[in-house]
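A.B. asks: Quick one: sequence plus predicted model below, questions after.
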Amino acid sequence: MTRIAIALGLAGFVAVASAQAAELPDSIRQAGVLRLTINATYAPMAYRDPATNELVGLDVDLAREIARRLGVKIVWSETPFAELIPSLATKRADFIISGITDRASRRETADFIDYLTTGPQFFVMTESAPKRAIELCGQKVGTTRSTSFPAEIEKWSKANCEAAGKPAVQYVPGENSIDVRNQLKQGRIDAAVQGSETLPYAQQQEVGKYRVVGEPFSSGYQGIMFRKDDAALREVVTETLAAMISDGAYKIILEKWGLGMHAVAKPMMNAATQ
């Protein structure tokens, strides 16, 4: 057993009684299973380990620890990012924890329990000329089409490029973060945008290839997404996550993935303002 697993086990022992005090919905408790849908293209949040093909990542570890404390197993299914929200709405998934940003526009039928800070950030190939974000005005900038980032790029462009009389950023869509990075490497785009929590991992995996340009140009939270009519499940997961923060298990998992600086002090419901 690894040192991290031992630490999580000891931390979980302290909090498991209080976490199980909240009641799971009968259908989940009786089945002993959580059905979770994930997009495994967004390292280090969720991805397939190239060496083993196992599903790994920060979101995977958090979900597994939540399930362990609740005494249930996880049945995973994978889907493109654009299908995550539909999978929740059609009840193929009990909740979504897969690098999804809490946005007001997504709350008509769902609630978020926010658990990680995030923000979109520009990056380029290391040898590229731009050193400041303003130099990307008029350039082709790619990002995943089904995320909140296209709207964030447009908003930034209006506030910075157009306000300064410069040409607007030319948004180029991509299917997922892997596709966007490939477009960047192939020279089809000049720059790209991903969440600030993913770029250190990308830089570590492809040493010397990417250079971050500026600071994150917006801020927000990633959240666990629940259907609004699943208040009982939302509450029990929130209590379990709060216990993990309190006893240190949450910190252990974040630091394992190099994301300790993205921690929140407590779970927050629908905390994002955008």
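C.D. replies: Looks like it arrived, so ask away.
A.B. asks: Helices of the stretch 51-200 of the chain, residue ranges please.
C.D. replies: 58-70, 84-89, 149-160, 177-185, 199-205 (DSSP state H, counting those that start in this stretch).
A.B. asks: Buried deepest among these, which one?
C.D. replies: Burial among these, expressed as mean neighbours by mean count of other CB atoms under 10 Å, is greatest for helix 58-70, which shows a mean of 23. C-betas here are computed from N, CA, C, even on glycine.
A.B. asks: tell me what that one is packed against?
C.D. replies: Using 3 or more CB pairs under 8 Å, 6 or more residues apart in numbering; DSSP states H and E as the contact definition, the elements that helix 58-70 packs against are helix 3-19, strand 33-38, strand 46-48, strand 73-78, helix 231-247, helix 249-256.
A.B. asks: now for those, which one comes closest to Ala191?
C.D. replies: In this view, these are compared for proximity to Ala191 by CB to CB, and strand 46-48 is the closest at 22.6 Å.
A.B. asks: from the chain's centre, how far out does the closest one sit?
C.D. replies: When distances are taken as CA atoms, centre = their mean, to the nearest Å, strand 46-48 is centred 12 Å away from the chain's centroid.
A.B. asks: Quick one: mean pLDDT over it.
C.D. replies: Model confidence over strand 46-48 averages 96 on the pLDDT scale.
A.B. asks: Could you pull out the buried residues of that strand?
C.D. replies: With burial defined by 16 or more other CB atoms under 10 Å, the residues of strand 46-48 counted as buried are Ala46, Tyr47.
A.B. asks: which residues are in contact with that strand?
C.D. replies: Identification of contacts with strand 46-48 by CB atoms under 8 Å, 6 or more residues apart in numbering yields 38-41, 54-60, 98-99.
A.B. asks: I'd like to know which of the residues you listed are buried.
C.D. replies: With burial judged by 16+ other CB under 10 Å, the buried subset of the contacts of strand 46-48 is Ile38, Asn39, Ala40, Thr41, Leu55, Val56, Gly57, Leu58, Asp59, Val60, Ser98, Gly99.
A.B. asks: Would you mind giving those residues as TSV with distance to Thr143 and pLDDT added?
C.D. replies: TSV is the format used below for these (distance: CB to CB, whole Å; pLDDT from 0 to 100):
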residue	distance to Thr143	pLDDT
Ile38	20	96
Asn39	15	95
Ala40	19	95
Thr41	13	92
Leu55	24	97
Val56	24	98
Gly57	20	97
Leu58	20	98
Asp59	20	98
Val60	23	98
Ser98	17	96
Gly99	13	93
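A.B. asks: OK, contacts around Ser196?
C.D. replies: Counting by CB under 8 Å, 6+ apart, Ser196 makes contact with Thr118, Gly119, Pro120, Gln121, Pro216, His262.
A.B. asks: continuing past the lowest-mean-pLDDT helix or strand in the chain, what's the next helix or strand?
C.D. replies: Each helix and strand of the chain was given a mean pLDDT (mean pLDDT, DSSP states H and E); the minimum falls on helix 3-19 at a mean of 49. On the C-terminal side of helix 3-19, the nearest following helix or strand under DSSP states H and E is helix 26-31.
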